[in-house]
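*Asks:* Sequence and predicted structure are below.
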Amino acid sequence: MAVPVVFDQQSAGYSVERAYWLARASDLAYKDQAVIDSQARTWGFDRVRHHETVYTAPFPLQDTQAYTMAGPDMVVTAFRGTEPQQIKDWLTDACTPPWPGPGGVGYVHYGFAQALDTILPSVRDALAEVRTDGQRVYFTGHSLGGALAMLAAARLALEDPRLAADGVYTYGQPRTCDRRLAAAFDEGLKDRVFRFVNNNDIVPTLPPEPAFTHVAALRYIDSAGRLRTTPPGVLPRLADRAAGATADIFAPASDGIRDHLMGSYLTALEKNLP
């Protein structure tokens with residue numbers, strides 16, 4: 001394992017190194033704007049735009065935040081997530097009816113649709129402004145941020161193909177949409193979407209099926225921390241989840257939250273670097 005020290009903007013296609021760097025970009029979304037600006041410059045991104053909506057009406061979230069950083073070869077928009085217990089409560093409350101999907105295709109989680117609608121115009125404007133030389137565009141996010149990254153990519157691919165993402169990397173994202181939209185997303189962004197799930201992370205199991213489902217392209221981190229590009233079958237995965245749940249004999253019930261933490265994803269991806 002060799003931890004990379006430079007954010008690689010030039011390579012294309014999937015790699016564990018790219019997944020690691022975009023996970024770091026997702027983690028950075030939780031930081032203050034000054035920290036984001038400084039780190040982005042260190043990584044070689046010379047322009048940063050911040051996106052934030054603060055809600056004044058009753059809503060399960062206090063705000064929605066993201067940032068866009070642009071370099072000579074790459075533009076990244078990273079959406080901020082939320083605390084594990086907060087998103088668990090949010091995803092299981094009454095705010096989960098279906099809502100018409102992007103481009104009139106399928107349905108999405110109502111809360112996600114509301115949150116994205118408040119911030120997408122700012123993201124769209126930033127992409128149009130900073131993508132001055134045909135740079136590749138990536139969307140990323142952890143937890144709620146992963147759901148917003150996936151839905152933002154779907155919106156732009158279906159409604160404004162000029163801004164279609166070259167890659168979408170999410171970590172511990174919840175279910176976001178119905179099967180019809182998931183199928184359209186998988187077809188429209190085939191081989192550009194990578195959804196990482198860390199063993200017993202509870203958030204990807206919410207909201208419940210069959211109303212909501214996941215897009216494909218799962219990258220599964222097993223109980224030993226190995227990254228599997230081909231997910232195990234149902235029975236082997238159940239056995240692996242059981243192994244992960246009993247790994248901490250002092251707090252077995254906390255595994256679903258512990259595996260959801262952004263730090264857990266970064267640690268696992270770092271272990272899998274070539």
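*Replies:* Nice, I can see it.

*Asks:* where's Ala12, which helix or strand?
*Replies:* Element membership for Ala12 (DSSP states H and E) is empty, with no helix or strand holding it.

*Asks:* how much space between it and Thr77?
*Replies:* Ala12 sits 18 Å away from Thr77, going by CB to CB, to the nearest Å. All C-beta spots, glycine's among them, are computed from the backbone N, C-alpha and C.

*Asks:* Which residue of those two possesses the greater neighbour count?
*Replies:* Thr77 (29 against 11; other CB atoms under 10 Å).

*Asks:* any weak-confidence spans in the stretch 51-200 of the chain?
*Replies:* Residue ranges of the stretch 51-200 of the chain with pLDDT under 70: 54-62, 84-96.

*Asks:* Quick check, Asp37 in contact with Val48.
*Replies:* Yes. Counting by CB atoms under 8 Å, Asp37 sits close enough to Val48 to count as a contact (5.2 Å).

*Asks:* what sits against Trp21?
*Replies:* Trp21 makes contacts with Pro4, Phe7, Asp8, as judged by CB atoms under 8 Å, 6 or more residues apart in numbering.

*Asks:* most neighbours, which of those?
*Replies:* Comparing those on neighbour count, Phe7 comes out first with 22 neighbours (neighbours: other CB under 10 Å).

*Asks:* which residues does it contact?
*Replies:* Counting by CB under 8 Å, 6+ apart, Phe7 makes contact with Trp21, Trp43, Gly44, Phe45.

*Asks:* from what I can see the third one touches Gly71, true?
*Replies:* Yep, that's Gly44 we're talking about. Yes. With contact defined as CB under 8 Å, Gly44 and Gly71 form a contacting pair (5.1 Å).
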